[in-house]
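# Based on what follows, work out the 3D shape:
(chains A and B)
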There are 2 protein chains.
Amino acid sequence: MPGGTDMTLRPFLWRAERLYPDTEIVSRTAEGITRYDYREYGDRVRQLANALSALGVEEGDRVATFCWNHHRHFEVYFAAPSLGGQLHTINPLLPAEHIRYIVGNAEDKVLFVDPSLLQALEPAVQSPEFDGVEQYVVMAEEVPDTSLDPVVSYESFIEGHDTEYDWPDVSEDQRAGMCYTSGTTGNPKGVEYTQKMLWTHTMATQTPQGIPMADDDVVMPVVPMFHVNAWGMPFTATAGGAKHVYPGPSPDPSDLASLIEEEGVTITAGVPTVWLGLQEYCKENDVDLSSLDSVIVGGSAAPKSLIRWFDDRDVEVLHAWGMSEMSPIGSVSHLKGDLADADEETKVDKRAKQGLMAPGLEFRVIDDDGEEVPWNGEDFGELWVRGPWVTKEYFARPEANEEDFEDGWLKTGDVVTVDEDGYIKIVDRAKDVIKSGGEWISSVELENSIMAHDDVAEATVIGVPHEKWQERPIAFIVPTGDADEAAVEAEVMELLSEEYPKWWLPDDVVFIESVPKTATGKFSKKDLRDEYTDSSMFEGQAPDEAAPESE
Amino acid sequence: MPGGTDMTLRPFLWRAERLYPDTEIVSRTAEGITRYDYREYGDRVRQLANALSALGVEEGDRVATFCWNHHRHFEVYFAAPSLGGQLHTINPLLPAEHIRYIVGNAEDKVLFVDPSLLQALEPAVQSPEFDGVEQYVVMAEEVPDTSLDPVVSYESFIEGHDTEYDWPDVSEDQRAGMCYTSGTTGNPKGVEYTQKMLWTHTMATQTPQGIPMADDDVVMPVVPMFHVNAWGMPFTATAGGAKHVYPGPSPDPSDLASLIEEEGVTITAGVPTVWLGLQEYCKENDVDLSSLDSVIVGGSAAPKSLIRWFDDRDVEVLHAWGMSEMSPIGSVSHLKGDLADADEETKVDKRAKQGLMAPGLEFRVIDDDGEEVPWNGEDFGELWVRGPWVTKEYFARPEANEEDFEDGWLKTGDVVTVDEDGYIKIVDRAKDVIKSGGEWISSVELENSIMAHDDVAEATVIGVPHEKWQERPIAFIVPTGDADEAAVEAEVMELLSEEYPKWWLPDDVVFIESVPKTATGKFSKKDLRDEYTDSSMFEGQAPDEAAPESE
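Residues are numbered from 1 along each chain as shown, chains lettered A, B, ... in the order given. Sure thing, here's the model as predicted:
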């Protein structure tokens, strides 16, 4: 074969260490700020690899982490995959039963855990799923009081091991990473990342169409390292020779502000809540954001007000969309060259969408009839994607594969529009979109409109089964303390009828005390559906025209 | 396998066409300036694919081109590989016997040729190596007078074919490209590029450490499309959604100047001669270079004066190094972040080197004893590289493979130093470096020093066999018209003894009328060696200490 060497993470570390030995990795932990350079990082990665090998970790073995963002976690990021193992990052916010399922399903051999997360882990451990874990390693100098057994501190685990390691020639098809995605139903599904997926994702992220990082960048992933490898940033920053800043356990806005100021952060990334928190903090404190070039916002939609607020401070908000199944990055909301002269409102509109798909990926948007929808910014359907860093299957879950993959495409479960410029906008989850009379109604759009009412604290809209129309929307509203429910209902319906066609309007409004939430804090529409679907309370309330007029 | 889809060129075209239907491809041909957009480009690519299929071209078949840089050539770039074929670009400047060898060796099935290159092709064709060519296609509206047979014009070849084509799912290991590299000895060696190599090269080139291209870029490859796919630029520009500008057959400096001005070129690339020509032209004409961001210089070393001249015009010269065997890009001379505050001289020194190896590659520099040399900017050895877009073998040339590859590494044949910052600098070709007393002498450094003398028109230095010291340097000098040879020799030796250790000094200086050249205009040291090695004229002239003093 003329083709070259396998695509693995190893050369990224090699390059960073050789070309940028003095560039820093900065980490905030309970022990304070730790600071070293790629030279020392490389030595510690190899010490860790030797420690893992001494423990018997071999190619194909899974190495689990239960940790926040810090330098020791980053050391596992390169050591485990480069010796041929598989880095399995566990979300410590999951309920104990999910943690048990995940560790048992993945057959983790060693587990690294933060001191501050021992309390979250210990209750899960007394269970047969943990029988395969041969060693617990606490991410600290000393082992705190814990019931874990056998247990060792990270520093004593690697201490005395050689700083040289003869890396094997790992295959690009070797599974190098793993992450579980928590479905709204059933057990979490394992997504595995091969070396090739991590390599191609890193390179695609490094293009101008992704989130490129260079040797003068200072990169701070606020997105947890247990969320799809912190969106790949530890790998991308290394490939680019950038300085890393890890904000450690539970950083609050003041921690982030001081890391930005003191370390000169140029690129950071996280969910909107993080940036809304920073924004609030900046209003009350004098924070110097001048080093910042871009803030990557993902996980959920970036409010336009946030984009504008950062614009005013010469910081570019880059809205990104992705999924665990996509390693994770799919699209980034760069402003296209030919929109440079558009008016500000148009620009912010575009940038608030989920963006333009990265080069190397392909996508289609499929409606209920299995047809591709036109790119007009209005018609919507389910987003299907494929590409080198998009998985083709879940780990040991044939029934989920059957549902979520088709002809080599990942059915993302996101319902989107695509506008004339190719910008993708998520309008709903496929499970939540309301199918009425053969057409789709976006529950998210209705919710956003309802929540714009001053007297609405929270609102959610679900589809309930309907004999004639298949499904009809019902709105659930949590009113603010002293609101008059009848008045709110009338005003909301008036508001919606101005914005949407008649057949989109909810058949009923139900006032509730709070919207049920999932373990990760999202609205749990499933619980509402379970509760209300079997009742006959909404029967026969649909309008005569509960479908588009064209039908 | 969890791994995603195969890495192929297809999604790059898909993305450019869908996201940037109106972005232009501009082409200068004998017919004038042609201008269309990605939408029409995609249609024509698919028409061409249908025409090739109708001709019987199938997966694995080779499609040859004998063309300059223009839109029709660019259409073959995507059509042939995307239907599973292999694009084979032939260098029309080669002698007829090499062209015959290449076409026979590659078993080309169809051959695209420029009208202006018919005269170069026709003499080669009357030979059995061309028996496999089933169709000649002339890159024009009409077929000019030609002896080629069967022959058709490009426009009538694709005319009437469907603009839809159901691209097959081509494997990433499918051979998609091919280029012959002309060695200084023997027949040219074929280098094949798989889809994966082209994909990984494209992505690596798109990183900040490569030559990234975005949708607001206007990319003009002056480097011929028969030189390693114009350094990959047609693929990279498409992946980035950039506008393309192809300067057509034999562009002169005024053609380049007007294309830059009229099309707003932001990135262009070529060998130093091209830019020296443009520089001369700009001195005598009022040329607006304000659109230009960067000029990529490769093929041979970029003079510092050229770097400074463009600096003064706010144009960044990016020095790049690569090889046919590397698809081709290896290193690019970006200034490192921590050199931003260095003095101008240091910066230009760094930028005039061959640069920093791109992420994804690994390299080592090996001396005569097989040891890695230290990164000190002084010690030198042969550069070995490996990576996903570096080939592991030549096409059907096992004896060359034996010589040029070892343990998965490509032995580049370039002798380099690496400085403390990791910048690579080529000091010689491995075949030309002079091995004296177990140490290496750079023939190139001696030549450059000798050519700095005002009375020297050309000079070259070769190693000739020596009984005691293995090899010793001999200098060949072409003096300027009225120079006094004895004075030149004395002054040159004085000059060299100031710059280099005693054991580097040539054992003799021979005055000649001209340096023999290869077919592509390079100094042919082989011819000099053949001529002088067998003679005994230099015997016994070595100094007592023809080796480093430390030996």
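# Double-check that residue A:428 belongs to a helix.
No - read with DSSP: H, G, I helix; E, B strand; the rest coil, residue A:428 is strand and lies in no helix.
# any idea how far it is from chain B?
23 Å (CB to the nearest CB, to the nearest Å). C-beta coordinates here come from the backbone N, C-alpha and C atoms, glycine included.
# Who is that residue paired with across the strands?
Going by DSSP bridges, residue A:428 is paired in beta bridges with residue A:415.
# I'd guessed it sits against residue A:447; true?
No - when contacts are counted by CB atoms under 8 Å, residue A:428 is not listed as touching residue A:447 (9.5 Å).
# Would you mind listing what in the stretch 201-350 of chain A touches chain B?
Within the stretch 201-350 of chain A, the positions lying close to chain B (CB under 8 Å from any CB of the partner chain) are A:203-204, A:206-209, A:212-217, A:239-241, A:336-338, A:340.
# Now with 10 Å, please.
A:201-210, A:212-218, A:236, A:238-243, A:325-327, A:334-340 (CB under 10 Å from any CB of the partner chain).
# Give me the subset of the residues you listed lying in strands.
The strands, defined by DSSP state E, take in A:218, A:243 from these.
# Domain ranges for chain A, per the record?
Using automatic domain parsing, the domain parsing of chain A gives A:1-25+A:36-200, A:432-533.
# Adding distance to chain B, mean pLDDT and mean neighbour count as columns, could you present the ones you listed in a markdown table?
Compiled in a markdown table, these are given as follows (distance: least, CB to the nearest CB, whole Å; pLDDT from 0 to 100; neighbours: other CB atoms under 10 Å in any protein chain shown):
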| stretch | distance to chain B | mean pLDDT | mean neighbour count |
| --- | --- | --- | --- |
| domain A:1-25+A:36-200 | 4 | 96 | 20 |
| domain A:432-533 | 23 | 87 | 17 |
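# Relative to residue B:271, which of those is closest?
domain A:1-25+A:36-200 (25.3 Å; CB to CB).
# on that earlier part again, any shared contact partners between residue A:428 and residue A:447?
Common neighbours of residue A:428 and residue A:447, counting by CB atoms under 10 Å, 6 or more residues apart in numbering or on different chains, are residue A:461.
# hmm, back to that, of the domains of chain A, give the one that comes closest to residue B:414.
Residue B:414 lies closest, by CB to CB, to one member of these: domain A:1-25+A:36-200, at 17.9 Å.
# and the closest one, how far out from the chain's middle?
Relative to the mean C-alpha coordinate of its chain, domain A:1-25+A:36-200 is positioned 19 Å out (CA atoms, centre = their mean, to the nearest Å).
# Then stretch A:360-378?
With CA atoms, centre = their mean, you get 23 Å for stretch A:360-378.
# Is there proximity between it and chain B?
Yes - Stretch A:360-378 lies within reach of chain B by CB under 10 Å from any CB, at A:360, A:361, A:362, A:363, A:375.
# How about the contacts made by the fourth one?
Same thing as residue A:363. Per CB under 10 Å, 6+ apart, neighbours of residue A:363: A:330-331, A:357, A:383-387, A:390, A:409-410, A:412, A:416, A:418, A:422, A:424, B:11, B:14-15, B:18.
# among the domains of chain A, which is nearest residue B:522?
domain A:1-25+A:36-200 (25.8 Å).
# Correct me if wrong: residue A:46 contacts residue A:82.
Yes - the pair residue A:46 / residue A:82 is scored as a contact, 8.9 Å apart, by CB atoms under 10 Å.
# Quickly list what's touching both of those two.
Joint contacts of residue A:46 and residue A:82 (CB under 10 Å, 6+ apart) are A:13, A:165, A:167.
# for residue A:100, what are its contacts?
A:94, A:123, A:124, A:125, A:126, A:127, A:128, A:129, A:130.
# In those residues, find the pair that's most separated.
Spatial extent of those (CB to CB) is set by the pair A:94 and A:128 at 18.3 Å.
# quick revisit: what would the domains of chain A look like in TSV with distance to residue B:139?
Shown next, in TSV, are these (distance: least, CB to CB, whole Å):
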stretch	distance to residue B:139
domain A:1-25+A:36-200	28
domain A:432-533	49
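# Minimum distance to residue B:223: which of these has it?
domain A:1-25+A:36-200 (21.9 Å).
# And the contacts of the helix or strand hosting residue A:136?
In this assignment (DSSP states H and E), residue A:136 forms part of strand A:135-138. If you take CB under 10 Å, 6+ apart as the criterion, strand A:135-138 is touched by A:48, A:51-52, A:55-57, A:63-66, A:72, A:76, A:109-115, A:117-118, A:121, A:125, A:130, A:143-144, A:146-158.
# let's go with 8 Å and repeat that
Applying CB atoms under 8 Å, 6 or more residues apart in numbering or on different chains, the set of residues contacting strand A:135-138 from outside is A:55, A:109-115, A:118, A:144, A:146, A:148-154, A:157.
# Send me it as CSV with only the CA atoms.
Taking only C-alpha atoms (Å, rounded to 0.1, in the frame of the first residue of the first chain), the coordinates of strand A:135-138 have been written out as CSV:
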residue,chain,number,x,y,z
GLN,A,135,-7.1,-0.2,40.9
TYR,A,136,-8.6,3.1,42.0
VAL,A,137,-6.3,6.1,41.6
VAL,A,138,-7.2,9.3,43.5
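# Out of the contacts of residue A:363, name the ones that lie in helices.
When these are checked against helices (DSSP state H), the matches are B:11, B:14, B:15, B:18.
# in the stretch 151-300 of chain A, what residue is nearest chain B?
residue A:216 (3.1 Å; CB to the nearest CB).
# how about that residue, what does it touch?
The neighbours of residue A:216, taking CB under 8 Å, 6+ apart as the test, are A:242, A:266, B:337, B:338, B:340.
# which of those are buried?
Among the contacts of residue A:216, those buried by neighbour count (16 or more other CB atoms under 10 Å in any protein chain shown) are A:242, A:266, B:337.
# how close does the last one get to residue A:71?
In this view, residue B:337 and residue A:71 are 21 Å apart by CB to CB, to the nearest Å.
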